[in-house]
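1. sequence and predicted structure are below.
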Amino acid sequence: MQNADALNAGMTAEPKLNYLTNGTTLKSWLLTKDHKRIAIMYLITVSLFFLAGGMYAAVIRLELLTPATDLIESATYNKVFTQHGILMIFFFLIPSIPAILGNFLLPIMIGAKDLALPRINLLSLYIYWVGGLLTIYALLQGGVDTGWTFYTPYSTTFSNSYVMAVGLGIFINGFSSILTGLNFIVTIHTMRAPGMTWFRMPLFVWANYATSLVMILGTPVVAITILLLAIERAAGVGIFDPAIGGDPILFQHLFWFYSHPAVYIMILPGMGVVSELISNFSRKKIFGYEFIAFSSIAIAVFGFLVWGHHMFVSGQSIYAGLVFSFLTMVVAVPSAIKMFNWTATMYKGSISYDTPMLYAIGFLGLFLVGGLTGLFLGSIGLTVHLTDTYFVVAHFHYVMVGGQVIAYLGGIHYWWPKMTGRMYSEFWGKISAMLVFVGFNLTFFPQFILGYQGMPRRYASYPPEFQVLNIFSTAGASVLGVGLLMPVVYLTHSLIYGKKAGDNPWLLPGLEWRTSSPPPTENFEKMPVVTWEAYDFSEENGLDIEEARRRQREVVTA
């Protein structure tokens, strides 16, 4: 076991060369095989897509401020909410944590010098760029108005918009996810450091492993679905369009067979981030490590079995509906295991309420609401009343924004010192976290009430009795927007003026904290040998709690 001095050797020493300074030309970045540089390029690109998607969201909320369509026409509104969904889901939510935090940290966390297939990793970034640029081009030319689900016959007959151009962009982008997932699986199986057994791996690695399985198995299905859609539009072959002998329900089956597991592509990595934050800022070994690890795999497996709960009102068999309803309740069990274990980890822990921990605690509350309301929608009788209302919109955003985005922000703040070697302002970080939490709840909680009262989603106009709650929702979106933009400012400011973080500012046991900040190109000067269990906060491992507090105050205090 190493002691505290060994763990933190070189905290104040400036590294001679790191991944940021090892070549500073544009060519050195665009042709890099370093997983860390690829992650930074993903970070920049994904952030731009998030900004574009957020602008569409702002237009939606401004239009819904009043009952009439007085800002944009209904046809334009259809394009706005469609394009908001497409950009946020396919180009932000799905790639954000795996492509950025996973790419940067997974090799370091298992003691590897890089991902197993570095050229394939760079190729996945280029594919993401190509798919994204094609999609943006199509949206700027004329957009698409089918809804982000591309339901037929809207996408086959009724829409004259750029359906196939956007579909091709998503089709291309899918290969980026497949290659990333393949890379993660191969790396975890073949490149773990000596002593890094399966049950010594960080839970963030377990979560990305489960996510990779879903990426590889699920993404080809939506790719085939988009290909069939293109064939139908181009050749007039009756596949989905009932006017020419197709079956629109077949499209729904194929689409949701991928898109419900895609929910877990989005949320599973966020759960991995929260496991790290809860344990490390409670300074306590995670409660039920094995249960949390296997629950990630269970979520990935069961996620492929519940797609039919999106189709209760489509006319499917009542017996199929009963089966899917039951499986929806079953898939909630692994998520509940995580929630209970995270809470048990915090119990009697030495909790520090730093910015990342505030995001983790926010995740617990928001994801709990999102998960429980998912059970409402999994109940056959209740979902008949709630389908296609704002209740669904609120539930989805509590899971995706209240879950994945909150976890993503927590992870960015937590590993920012490792990625950049600089600390950010804790004061502004906490203010931002609280604004995001308050703004999010003010935005989306009223939509549960609106949906239960019967307000349908995807409408630009609505009865006047719904206006008060919509005003609350738009006001909340303004607060949420400020909270989300603030990290852009103070994190960018920290790159120039932030205090140097040191190698291990939080004084934590993971391998990523045992290399320099920022890490060298090869991650470690020599191959690490793991001799400690996961989340070992014992004094014998050099992680005395009081010493950690003292060092943390020294580094964080401006």
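-> Perfect, thanks for sending it. Numbers count the residues shown, from 1 in each chain.
2. now the helix or strand hosting residue 82: how far from the chain's centre is it?
-> If you go by DSSP states H and E, residue 82 is part of helix 74-88. Distance of helix 74-88 from its chain centroid, counting by C-alpha atoms, centre = their mean, to the nearest Å, is 21 Å.
3. packing partners of that helix?
-> The contact analysis (3 or more C-beta pairs under 8 Å, 6 or more residues apart in numbering; DSSP states H and E) places helix 74-88 against helix 35-63, helix 118-141. Placement of C-beta: from N, CA and C, glycine included.
4. what helices or strands is the next helix-or-strand element following that helix leaning on?
-> The helix or strand immediately downstream of helix 74-88 is helix 103-109, counting by DSSP H and E. Packed against helix 103-109 by the contact rule (3+ C-beta pairs under 8 Å, 6+ apart) you find helix 35-63, helix 163-190, helix 203-235, helix 406-420.
5. so which of these is the most packed in?
-> Taking mean count of other C-beta atoms under 10 Å as the contact definition, the stretch among the helices and strands packed on helix 103-109 with the greatest mean neighbour count is helix 406-420, which reaches a mean of 25.
6. in three-state terms, label the closest residue to residue 508 other than its chain neighbours for me.
-> Nearest-residue entry for residue 508: residue 280, 5.2 Å, with adjacent residues in sequence omitted and distances by C-beta to C-beta, 6 or more residues apart in numbering. When the structure is split into helix, strand and coil by DSSP: H, G, I helix; E, B strand; the rest coil, residue 280 lands in helix.
7. quick one: residue 280 and residue 535 touch, right?
-> Yes: applying C-beta atoms under 8 Å, one finds residue 280 in contact with residue 535, separated by 7.5 Å.
8. pLDDT weak spots in the stretch 201-350 of the chain?
-> Applying pLDDT under 70 to the stretch 201-350 of the chain flags no residue at all.
9. can you map out the helices along it?
-> For the stretch 201-350 of the chain, helices defined by DSSP state H, counting those that start in this stretch occupy the ranges 203-235, 248-282, 289-302, 318-346.
10. adding distance to residue 140, write those helices out as a markdown table.
-> Conversion of the helices of the stretch 201-350 of the chain to a markdown table gives the following (distance: least, C-beta to C-beta, whole Å):
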| stretch | distance to residue 140 |
| --- | --- |
| helix 203-235 | 20 |
| helix 248-282 | 25 |
| helix 289-302 | 36 |
| helix 318-346 | 38 |
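11. what sits against the nearest residue to residue 463 once chain neighbours are set aside?
-> Spatial nearest neighbour of residue 463, chain neighbours left out: residue 67 (6.6 Å); criterion: C-beta to C-beta, 6+ apart. Applying C-beta atoms under 8 Å, 6 or more residues apart in numbering, one finds that residue 67 lies in contact with 461, 462, 463, 464, 466, 467.
12. which SS state does residue 67 fall under?
-> Here residue 67 is recorded as coil under three-state DSSP.
13. next SSE after the worst-scoring helix or strand of the chain on mean pLDDT?
-> Comparing helices and strands within the chain by mean pLDDT, DSSP states H and E singles out helix 4-7 as the least confident, with a mean of 44. Scanning forward in sequence from helix 4-7 by DSSP H and E, the next helix or strand is helix 26-30.
14. put the alpha carbons of that following helix into CSV.
-> Extracted in CSV, the C-alpha atoms of helix 26-30 (Å, rounded to 0.1, in the frame of the first residue of the first chain):
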residue,chain,number,x,y,z
LEU,A,26,-3.9,21.8,-35.9
LYS,A,27,-2.5,18.8,-37.8
SER,A,28,-1.2,17.2,-34.6
TRP,A,29,-4.7,17.4,-33.2
LEU,A,30,-6.6,16.2,-36.3
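15. low-scoring stretches of this structure, by residue?
-> Within the chain, the set of residues satisfying pLDDT under 70 comprises 1-16, 158-160, 539-558.
16. helix or strand for the closest residue to residue 118 other than its chain neighbours, which one?
-> Nearest non-adjacent residue to residue 118, counting by C-beta to C-beta, 6+ apart: residue 33, 3.7 Å away. With elements taken from DSSP H and E, nothing contains residue 33; it lies in neither a helix nor a strand.
17. I'd like the numbering to begin with 54 instead of 1 from here.
-> All right, first residue 54 from here; so that's residue 86.
18. what is the neighbour count of residue 86?
-> When neighbours are counted by other C-beta atoms under 10 Å, residue 86 registers 15.
19. outside of stretch 289-301 itself, list whatever touches it.
-> By C-beta under 8 Å, 6+ apart, the surrounding residues in contact with stretch 289-301 are 204, 205, 206, 209, 210, 281, 282, 284, 285, 303, 304.
20. if I look at the residue lying closest to the third one once chain neighbours are set aside, how far off is residue 396?
-> The one in question is residue 206. On the basis of C-beta to C-beta, 6+ apart, the spatially nearest residue to residue 206 that is not a chain neighbour turns out to be residue 294, at 4.9 Å. Here the distance between residue 294 and residue 396 works out to 49 Å (C-beta to C-beta, to the nearest Å).
21. now swap in residue 574 and tell me
-> With the distance defined as C-beta to C-beta, residue 574 ends up 40 Å from residue 396.
22. sorry, back to before: list only buried entries from the contacts of residue 120.
-> 515, 519 (16 or more other C-beta atoms under 10 Å).
23. would TSV of the contacts of residue 120 with distance to residue 79 and secondary structure be doable?
-> Converted to TSV, the contacts of residue 120 look like this (distance: C-beta to C-beta, whole Å; DSSP: H, G, I helix; E, B strand; the rest coil):
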residue	distance to residue 79	secondary structure
514	49	coil
515	49	coil
516	55	coil
517	55	helix
519	51	helix
520	51	helix
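24. mind putting the contacts of residue 120 in a markdown table, distance to residue 290 included?
-> Converted to a markdown table, the contacts of residue 120 look like this (distance: C-beta to C-beta, whole Å):
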| residue | distance to residue 290 |
| --- | --- |
| 514 | 37 |
| 515 | 39 |
| 516 | 42 |
| 517 | 46 |
| 519 | 42 |
| 520 | 46 |
